[in-house]
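Undergrad: output the structure for:
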Amino acid sequence: MTAIFRPEGHQFRATEHAGGPWSPDMLQGSATTALMAREVERLATESGFAVRRLTFDLWRPAGLRAFRTTAELLRDGRKAKTAQVRLMDGETEIGRCTALLTAQSGKSPVDPFAAPAALDQAPEAGTPPPAFAQKWSRYFQNVTVRLIEGALEKPGPAAAWMRLDAALVEGEPNTPLLQAVQAADFSSGVAQIVDMRQWTFINPEISLYFVRPPEGEWILIRAATGVGANGAGLTTATLSDRNGPFAEVMQALSFERREAVQAQAS
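TA: Below you'll find the predicted structure:
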C-alpha cells in the first residue's frame, strides 16, 4: 500500500512518495503540515472541541527521514484552547503548528446579509491537468486533480478539486481534515502567476480558518495570488467540499528570480 509516512515506533518515516517540487529528497509542504494536523485532530477529538484555526510555520527543509511530533496545550480554557504541535527531526525543530480549538454550542445565528450559496461543479465534472503538470512532485503524483476553472500549467487564478489517494500514514484512513490541510498547501501552486522557469516562490507559512468541519475526501481550492513589494506575495484561497465553503486560507509568499535568468540578463 502506498503511503506518505510509515510508522516507526514513536516516529514517522517519510517515504519516497513524500518528495516535493524543489527537490525529490525534500518533503512536500503538504506532507509536513498534514502530519502536524493529524496530532491537532487527535487533541480536538479528545476534548470535543472544533478546529477553528491552524497556523503552520515551516522553518527548515525536511528531508526523507524519520520525524516525531510533540504536542502541548498552551491554553486550556472552557471555551477556547490553544494547542502547539512541533515537528522534530531528532532534536531539530522543522516546523510548528499553532491551533485554535473552540467549544461547540450547537447553534449559529442566521446571517441576513449572506449571499445565496452557489454550489460549484462537482469533481466528476472537472478535467485532469496535463500529464506533465501532474509530475510537479512525487507527492503530487498521488493526488487526483480535477480542474473546474483555470489551468495549473498557466498563470492566473484557478479552481481545482483535489484528493490525496495515498494514505498519509500507513494503515490509517485520510480524514477530511487531513485532506483539507494537505490540499491547502497547493493554493499558491494552483494560483501561480509567474513563469516558474524564471522565478521561484516559497511559502514559509500557511494559515487556515474554519467555519465548519470539512466533509468527504474531495477538497476544492479556489485560489488567487497577489504580488507586493520587495519579493512579497500573498495567496488567498477558499476551501470547499461538496456542500460548499468551509475554510479560508492565507499563504505569505517570497518570490526570487532564478540566478540563471539574472545572469543572462546582465
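Undergrad: check which helices and strands the top helix by length along the chain sits against.
TA: Counting by DSSP state H, the longest helix found in the chain is helix 29-47. Judged by 3 or more Cβ pairs under 8 Å, 6 or more residues apart in numbering; DSSP states H and E, the packing partners of helix 29-47 are strand 3-8, strand 50-58, strand 66-76, strand 80-89, strand 92-102, strand 167-169, helix 176-184. Where C-beta positions appear, they are placed from N, C-alpha and C, glycine not excepted.
Undergrad: export it to CSV, keeping only CA atoms.
TA: This file holds the C-alpha atoms of helix 29-47, laid out as CSV (Å, rounded to 0.1, in the frame of the first residue of the first chain):
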residue,chain,number,x,y,z
GLY,A,29,4.8,21.0,2.4
SER,A,30,1.5,19.2,2.3
ALA,A,31,3.2,16.2,3.9
THR,A,32,4.6,18.1,6.9
THR,A,33,1.5,20.2,7.5
ALA,A,34,-0.9,17.2,7.3
LEU,A,35,1.3,15.2,9.7
MET,A,36,1.1,18.0,12.3
ALA,A,37,-2.6,18.4,11.7
ARG,A,38,-3.0,14.7,12.5
GLU,A,39,-1.9,15.4,16.0
VAL,A,40,-4.1,18.5,16.3
GLU,A,41,-7.1,16.4,15.2
ARG,A,42,-6.3,13.9,18.0
LEU,A,43,-6.4,16.7,20.6
ALA,A,44,-9.6,18.1,19.2
THR,A,45,-11.3,14.7,19.2
GLU,A,46,-10.3,14.0,22.8
SER,A,47,-11.6,17.4,24.0
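Undergrad: for it, give the mean pLDDT please.
TA: Helix 29-47 carries an average pLDDT of 95.
Undergrad: just want the angle from that helix to strand 66-76.
TA: 50 degrees (axes from the mean of the first three to the mean of the last three Cα atoms, to 10 degrees).
Undergrad: what about Gly171, how many neighbours?
TA: 9 (other Cβ atoms under 10 Å).
Undergrad: need the helices and strands packed on helix 29-47 in CSV (columns: distance to Gly231 and mean pLDDT).
TA: Supplementary listing: these in CSV, determined by distance: least, Cβ to Cβ, whole Å; pLDDT from 0 to 100:
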stretch, distance to Gly231, mean pLDDT
strand 3-8, 31, 96
strand 50-58, 17, 97
strand 66-76, 30, 95
strand 80-89, 26, 96
strand 92-102, 22, 96
strand 167-169, 32, 97
helix 176-184, 22, 97
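Undergrad: so which of those comes closest to Gly216?
TA: The closest of these to Gly216 is helix 176-184. By Cβ to Cβ, the value is 6.0 Å.
Undergrad: Arg212 is nearest to which of the helices and strands packed on helix 29-47?
TA: Nearest to Arg212, of all those, is strand 50-58, at 8.2 Å by Cβ to Cβ.
Undergrad: could you say what helices and strands that closest one packs with?
TA: The contact analysis (3+ Cβ pairs under 8 Å, 6+ apart) places strand 50-58 against helix 29-47, strand 92-102, strand 205-210.
Undergrad: now these as JSON lines including distance to Met196?
TA: Putting these into JSON lines (distance: least, Cβ to Cβ, whole Å) gives the following:
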{"stretch": "helix 29-47", "distance to Met196": "16"}
{"stretch": "strand 92-102", "distance to Met196": "23"}
{"stretch": "strand 205-210", "distance to Met196": "19"}
